[in-house]
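Undergrad: Predicted model and sequence below, questions to follow.
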Amino acid sequence: MRIRIWLCYLYQLIIFLAPAACLRQYDDPLRVAYIHDVSGKGEVWTMSLEGGEAKAITSGSLTGYSNPVWSPDGTRMVFSTSSGIPTIFSADVESGAIGIVTLGGYPTWSPDGKRLVFVRNTCIYSADSETGGNELQLTSPTSPYEDSYPACSPDGKKIVFIRGDGGSFAIYSINAPDGGNESLLNNSGIADDSCPTYSPDGRLILYVHSSGSIYVMNADGSNQRLLTANAHYPAWTPDGSQVLFSSNATGFWELCIMNSDGVNRRQLTSEMNYNRNPSVQGKPR
């Protein structure tokens with residue numbers, strides 16, 4: 001009789017705890033990767049999207065780093081050197097292991113995580129995300145034009161990027177597999193736009209205007225409209241409901257967040273530091 005009571009109690013305890021254990025892996029807050037200034041060098045740090053203590057992923061770099069981007073499964077990130085020979089690194093977030101993937105800058109992931117898209121010598125390339133092998137050159141701008149800031153569409157069919165001549169910059173798109181069907185998206189071709197990035201559903205593109213404001217437009221380049229001023233380096237949350245960005249409205253570059261329609265803007269960091277290039281973890285761990 002006593003054994004039966006204890007078994008009944010154990011069964012009820014398991015039923016009570018099981019949902020909490022199953023939910024924990026989904027309820028853990030997403031993490032934000034970003035560049036944090038340490039002694040004049042940009043280092044890769046992460047913090048919870050809900051705030052709290054930050055964690056250094058890199059330290060003691062000789063050149064500094066920029067443009068950290070989470071892998072689609074949230075287990076790795078890539079980033080590049082901010083000076084010297086442009087070099088792309090990959091970091092395993094769990095183990096902390098960091099290795100060189102290939103030469104280049106402005107790295108981003110294909111939606112399946114199998115390839116990286118990046119810039120080398122003013123052109124857009126793609127390569128295997130693990131080895132840096134199987135390279136494909138996707139664009140060939142003629143001098144004085146240079147390509148930068150590539151970003152892949154969620155369906156993997158398109159790559160959006162910036163083309164500029166040092167004085168003006170415009171947003172273009174190409175087909176992801178081969179670089180074909182090059183198209184101007186921002187219509188005028190003379191606006192100083194940068195940092196384009198697709199929404200998670202692929203319907204919209206965020207970008208930064210030369211005025212230092214974040215704009216949004218349809219994926220075909222139509223219906224361009226202002227979201228918020230004094231804002232740079234936009235990044236979507238995985239569900240597309242919010243946008244992270246950097247702002248120096250306080251006199252220091254801090255991380256901020258707002259709803260995807262530009263309302264409810266608020267500051268995430270208050271470190272009086274240089275915090276930029278946010279990227280939100282693709283999936284909770």
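TA: On my side now, so go ahead. These figures come from a predicted structure and were not determined experimentally.
Undergrad: helix/strand/coil for G167?
TA: coil (DSSP: H, G, I helix; E, B strand; the rest coil).
Undergrad: Distance of it relative to P144?
TA: Per C-beta to C-beta, to the nearest Å, G167 is found 9 Å from P144. In short, each C-beta sits where N, CA and C put it, glycine included.
Undergrad: Let me see the ranges of the strands in the stretch 1-150 of the chain.
TA: Taking DSSP state E, counting those that start in this stretch as the test, the strands found in the stretch 1-150 of the chain are 31-38, 41-48, 55-56, 65-70, 76-81, 87-92, 98-103, 105-109, 115-120, 123-128, 136-137, 146-152.
Undergrad: now these in JSON lines, with distance to N248, mean pLDDT and mean neighbour count?
TA: Below are the strands of the stretch 1-150 of the chain laid out as JSON lines (distance: least, C-beta to C-beta, whole Å; pLDDT from 0 to 100; neighbours: other C-beta atoms under 10 Å):
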{"stretch": "strand 31-38", "distance to N248": "13", "mean pLDDT": "93", "mean neighbour count": "24"}
{"stretch": "strand 41-48", "distance to N248": "15", "mean pLDDT": "93", "mean neighbour count": "21"}
{"stretch": "strand 55-56", "distance to N248": "22", "mean pLDDT": "90", "mean neighbour count": "14"}
{"stretch": "strand 65-70", "distance to N248": "17", "mean pLDDT": "96", "mean neighbour count": "24"}
{"stretch": "strand 76-81", "distance to N248": "22", "mean pLDDT": "96", "mean neighbour count": "23"}
{"stretch": "strand 87-92", "distance to N248": "27", "mean pLDDT": "96", "mean neighbour count": "19"}
{"stretch": "strand 98-103", "distance to N248": "29", "mean pLDDT": "96", "mean neighbour count": "16"}
{"stretch": "strand 105-109", "distance to N248": "22", "mean pLDDT": "97", "mean neighbour count": "22"}
{"stretch": "strand 115-120", "distance to N248": "25", "mean pLDDT": "98", "mean neighbour count": "24"}
{"stretch": "strand 123-128", "distance to N248": "29", "mean pLDDT": "98", "mean neighbour count": "21"}
{"stretch": "strand 136-137", "distance to N248": "36", "mean pLDDT": "97", "mean neighbour count": "13"}
{"stretch": "strand 146-152", "distance to N248": "20", "mean pLDDT": "97", "mean neighbour count": "22"}
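Undergrad: Output the ones you listed as JSON lines; include the columns distance to Q267.
TA: Converted to JSON lines, the strands of the stretch 1-150 of the chain look like this (distance: least, C-beta to C-beta, whole Å):
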{"stretch": "strand 31-38", "distance to Q267": "13"}
{"stretch": "strand 41-48", "distance to Q267": "13"}
{"stretch": "strand 55-56", "distance to Q267": "20"}
{"stretch": "strand 65-70", "distance to Q267": "20"}
{"stretch": "strand 76-81", "distance to Q267": "23"}
{"stretch": "strand 87-92", "distance to Q267": "27"}
{"stretch": "strand 98-103", "distance to Q267": "30"}
{"stretch": "strand 105-109", "distance to Q267": "26"}
{"stretch": "strand 115-120", "distance to Q267": "31"}
{"stretch": "strand 123-128", "distance to Q267": "34"}
{"stretch": "strand 136-137", "distance to Q267": "41"}
{"stretch": "strand 146-152", "distance to Q267": "25"}
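Undergrad: Good, we can wrap up now.
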